[in-house]
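A.B. asks: attaching a predicted model along with its sequence, questions to come.
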Amino acid sequence: MAKPKRPKQPLPPLKVWAGPVALGWLIPGGGHLLLKRYGRASLLGASITLMFLCGLLMRGSFFEPQTGDLLTTLIYVGGFIGNLASGILYLIATWLGYSQPDLAGHVHDYGTKFLVGAGLLNILAMVDAFDIAAGRKA
Amino acid sequence: MPRMTLSHFEAAFLFALFTSVVLGVVSKRGDRERLQYGLYVFGCFIAALFGLGWLMYFGHG
């Protein structure tokens, strides 16, 4: 049996969610902190930051946006967006001159995935902060 | 800067741990449900890790 369609919820005003989402991007867990969800904020902040730090210690490389065929564009632009989504962690690492060539070996490879994964998890945290700010979630 | 050298298992274990915590926190509504879901996701990651590991072992013959 098909599930009944839920009615579309209107987008809440920008000022309600922009702050938590923006702070959540800049500082992992920051959006939840602003919304006074301290326990969840600390878990998110610790997990995402540790994942990013492990990626750096494993000498993972950052993606730079490249275009070409569809797969190249998808991997490099997607990877760059994933890196950028880590917020201040990515910005600090870049400003401090972290630049690692893409080397062969499983540890570097895992490191690259950890760096992108941290950003993708931060996107999930930002979506959660949006839901809380919009009143769709407690 | 110090360097971290991990085995495949250790790296995948850490990845599973961090990802499970975040998925548990953002996915459910109550604290108990979050904990249960986080543990469930972590268990799935570890099961897949062992399953795929053995599959590759037998696949290589």
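C.D. replies: Alright, I've got the coordinates.

A.B. asks: got the contact list for the most centrally placed residue in chain B?
C.D. replies: Taking CA atoms, centre = their mean, the centroid of chain B lies closest to residue B:16, which sits 2.3 Å from it. Residue B:16 sits next to B:42, B:45-46, B:49 when contact means CB atoms under 8 Å, 6 or more residues apart in numbering or on different chains. C-betas here are computed from N, CA, C, even on glycine.

A.B. asks: name the SS class of it, please.
C.D. replies: When the structure is split into helix, strand and coil by DSSP: H, G, I helix; E, B strand; the rest coil, residue B:16 lands in helix.

A.B. asks: got the buried residues for stretch B:9-28?
C.D. replies: B:11-26, B:28 (16 or more other CB atoms under 10 Å in any protein chain shown).

A.B. asks: let me know the pLDDT of residue 2.
C.D. replies: You didn't pick a chain, so chain A it is. According to the predicted model, the pLDDT of residue A:2 comes to 71.

A.B. asks: looking at chain B here, not the other one
C.D. replies: On pLDDT, residue B:2 comes in at 79.

A.B. asks: and if you look at residue B:61?
C.D. replies: Per-residue confidence for residue B:61 comes out at a pLDDT of 68.

A.B. asks: which parts of chain A sit against chain B?
C.D. replies: Listed as neighbours of chain B in chain A under the rule CB under 8 Å from any CB of the partner chain: A:40, A:43-44, A:46-48, A:50-51, A:54, A:56-59, A:106-107, A:110, A:113-114, A:117-118, A:121, A:124-125, A:127-128, A:137-138.

A.B. asks: doesn't residue A:45 make contact with residue A:27?
C.D. replies: Yes: if you go by CB atoms under 8 Å, residue A:27 and residue A:45 touch, sitting 7.2 Å apart.
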